[in-house]
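J.: only the shape, not the letters, is given here:
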């Protein structure tokens, strides 16, 4: 895997983590309600679920590539279409990040962790996202080092992103900045996702 290929993987993983949705809402809820410990427990439990998805998806796509290259091509283009769909939705968003800044009742750290991993494992959109993401990288993941890097990148990126969210939520000024720039963040994410979808098709 070249540095350029890894950077594409990193960028899509980051955008996937940043995308407003139930995962972001869950981490924010536990961070605001229970504090840093709850937020960090939710963040890394969620990342563990992402790691499980990464292993399963990479293994499954490798089997499909070996047994049916034509079906793999169909999955690849469908994945590109899904990335473009996410991009268009982000461009049309009115500030999804701000919409999900809701607090809730404080719970135990264990409960926060449990909800964190469940929200990732039970979200079908994450499965679709990983098929879209890994379909363009599975062919270059021949050795164990490359496969490990492909799996570890979204796991670490997801965990660090939600760790950052948890730490930022400790400061009221950061909340204001996120609310004020939520639409801009969505617009930029949308453009990058569409460009990445085009790259898959042209590649």
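T.: That came in fine, so what should we check first? All values derive from a computational prediction rather than experimental measurement. Residues are numbered from 1 along each chain as shown.
J.: give me the low-pLDDT residue ranges for the protein?
T.: Across the chain, the ranges flagged by pLDDT under 70 are 20, 65-66, 94-106, 124, 139-142, 172-176, 178-179, 182, 200, 203.
J.: again, only this time at 50
T.: Applying pLDDT under 50 to the chain flags residues 98-99, 101-103.
J.: centre of it to the edge, which residue is at the far end?
T.: Farthest-out residue of the chain from its mean C-alpha position, per C-alpha atoms, centre = their mean: residue 67, at 28.1 Å.
J.: which residues does that residue contact?
T.: With contacts defined as C-beta atoms under 8 Å, 6 or more residues apart in numbering, residue 67 has no neighbours. C-beta here means a position set from N, CA and C on the backbone, and glycine is covered the same way.
J.: where along this protein do the helices fall?
T.: Residue ranges of the helices in the chain, as given by DSSP state H, are 3-18, 22-34, 36-67, 69-92, 96-99, 109-121, 124-134, 144-168, 172-180, 182-202.
J.: any idea which of those is most buried?
T.: Highest mean neighbour count of the helices of the chain: helix 22-34, a mean of 23 (counted as mean count of other C-beta atoms under 10 Å).
J.: and that one, what does it pack onto?
T.: If you count contacts as 3 or more C-beta pairs under 8 Å, 6 or more residues apart in numbering; DSSP states H and E, helix 22-34 packs onto helix 36-67, helix 109-121, helix 144-168.
J.: residue 16 is nearest to which of those?
T.: Residue 16 lies closest to helix 144-168 among the helices and strands packed on helix 22-34, at 7.1 Å (C-beta to C-beta).
J.: list the contacts for residue 126?
T.: Residues near residue 126 by C-beta under 8 Å, 6+ apart: 23, 49-50, 53, 120.
J.: quick one on the thing from earlier: TSV for the helices and strands packed on helix 22-34, including distance to residue 88?
T.: TSV is the format used below for the helices and strands packed on helix 22-34 (distance: least, C-beta to C-beta, whole Å):
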stretch	distance to residue 88
helix 36-67	23
helix 109-121	24
helix 144-168	22
